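J.: coords please:
(one chain, ligands or ions: 1)
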Amino acid sequence: MSVEATAPGKAILFGEHSVVYRGPAIVIAIDRRAKITAKERDDERIRFDCLDLGFEGYFEGDEYHPVAGEEWRGNRLQAMLVAARKTMEHIDKTSGLDLTVRSDIPIAAGLGSSAAICVATVAATGELLDGNLSQQEICDLAYEGEKMVHGTPSGVDNNISTYGGVLSYETGVGIEKIDFQGGLPLVIGNSKRKRSTRRLVARVRALRDRNPELVDGLIDSMGEVSRKGLEAIKARDYPMIGDLMNINHGLLSSVGVSISRLDILVHAARGAGAYGAKLTGAGGGGCMIAITDPDKLRDVSRAISRSRGEPHIVNISYEGVETRRLG
Ligand code: MEV
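T.: Next comes the predicted model:
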């Protein structure tokens, strides 16, 4: 028997970085998903087929044995390995596993690829071994894997990937599911520069340590932008969402997480008539996001392409993690 689990990526509309400290992040699940297929093995190996990314290998204990691709690729699998092992520990079952990983979420781009992969790994492993996991258990176990990649992440990524839709998330408080239907006219632009969330979060923390009062003021302003942003989203007030995105981008630049490639894409989108645009996710590369009149989605996409970004017109995904038995 094998099991397939899928989970969506995400885009943060407001509140990245500030959410690590306080105040809400407003986040949507997007229609790009990670898919994990899990099968039991007769031995104790945990084998990963990531052939879309050009590698395959297995862990025997903690030792990685490459089958295709370089040995260092094993480091990239640590989050999934932890997610699978914590799941087995939690449900008090153990087995060797074959895990096949497929995803159409760009990697290391701020779109929640690692969280989606961890969430889907937990869900697939839990279902395969009859763990009967609740959504909250899947979310919490995925967080254990996320910590391997990001240090101490806020938890926003694993929550949105588990629950889908539109969420307000606050560290230490949890999620509020936002009653919202349909789409938003959003374009994501990928700068195609990979970056590490862990490093960017550490950079903001170091800046805050050096300038606590100033940076705390910026964090509070970002929280206020998020709260106003949520009201504007509920009211579908696109021009107001745009204004708040522009302000949020300025605040994120102030804490040092934008780069010129992102600024160029943000300005290209605004120049093509978007109501507003900002970086999304940890910054330092990765993606920006713009809100526009629905009639201008194509213009904004073309402007992002012309500025050497990779545009994606995205829809909100109302399906969080999903699991099915393949027989
Ligand atoms: C990463 O998707 C968002 C950050 O706020 C980090 C976090 O929340 O853990 C930059």
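J.: so Cys118 is in which element?
T.: Under the criterion of DSSP states H and E, Cys118 resides in helix 113-128.
J.: any idea of the mean pLDDT in that helix?
T.: When pLDDT is averaged over helix 113-128, the result is 97.
J.: packing partners for that helix?
T.: Other elements packing on helix 113-128 under the criterion 3 or more Cβ pairs under 8 Å, 6 or more residues apart in numbering; DSSP states H and E are strand 2-14, strand 25-41, helix 78-91, strand 96-103, helix 135-150, helix 156-163, strand 322-325. In short, each C-beta sits where N, CA and C put it, glycine included.
J.: Show me which helix or strand of this structure is least confident by mean pLDDT.
T.: Using mean pLDDT, DSSP states H and E, helix 73-76 stands out as the lowest-scoring helix or strand of the chain, at a mean of 90.
J.: picking up where we left off before, does the helix holding Cys118 come close to the ligand?
T.: No: using Cβ under 6 Å from any ligand atom, we find that helix 113-128 stays clear of the ligand, coming within 7.8 Å at best.
J.: Identify the residues contacting the closest residue to His17 other than its chain neighbours.
T.: Distances taken as Cβ to Cβ, 6 or more residues apart in numbering place Val204 nearest to His17, at 5.3 Å, with adjacent residues excluded. The contact partners of Val204, taken as Cβ atoms under 8 Å, 6 or more residues apart in numbering, are His17, Val20, Val215, Val255, Gly256, Val257.
J.: Report the two of the residues you listed separated the most.
T.: Val20 and Gly256 (14.2 Å; Cβ to Cβ).
J.: Between those two, which is the more surrounded one?
T.: For Val20 versus Gly256, neighbours defined as other Cβ atoms under 10 Å are more numerous around Val20 (21 against 16).
J.: can you tell me the average pLDDT over the host helix or strand of that one?
T.: For Val20, the host element (DSSP H and E) is helix 18-21. The average pLDDT within helix 18-21 is 97.
J.: How about stretch 235-249?
T.: Rounded mean pLDDT across stretch 235-249 is 98.
J.: residues in the stretch 51-200 of the chain within reach of the ligand, list them.
T.: Residues of the stretch 51-200 of the chain lying near the ligand (Cβ under 6 Å from any ligand atom): His150, Pro153, Ser154, Val156, Asp157, Thr197.
J.: What does the pLDDT read for the nearest residue to Ile178 once chain neighbours are set aside?
T.: Nearest residue to Ile178 in three dimensions, chain neighbours excluded: Val166, at 4.1 Å (Cβ to Cβ, 6+ apart). Note for Val166: predicted pLDDT of 98.
J.: What residues does the nearest residue to Ser113 once chain neighbours are set aside make contact with?
T.: Counting by Cβ to Cβ, 6+ apart, Ser113 lies nearest to Ile105, which is 4.2 Å off, once chain neighbours are set aside. Ile105 makes contacts with Pro8, Gly9, Ile30, Arg32, Arg33, Ala34, Leu111, Gly112, Ser113, Ala116, as judged by Cβ under 8 Å, 6+ apart.
J.: pLDDT score for the second one?
T.: Looking back up the chat, that one is Gly9. Gly9 is assigned a predicted lDDT (pLDDT) of 98.
J.: Spell out the secondary structure type for the nearest residue to it once chain neighbours are set aside.
T.: The shortest distance from Gly9 to any residue that is not its chain neighbour, by Cβ to Cβ, 6+ apart, is 3.7 Å, and that residue is Ile105. Of the three states, Ile105 takes coil according to DSSP: H, G, I helix; E, B strand; the rest coil.
J.: before we move on, the earlier item: show me what the helix holding Val20 is packed against.
T.: helix 197-210, helix 212-234.
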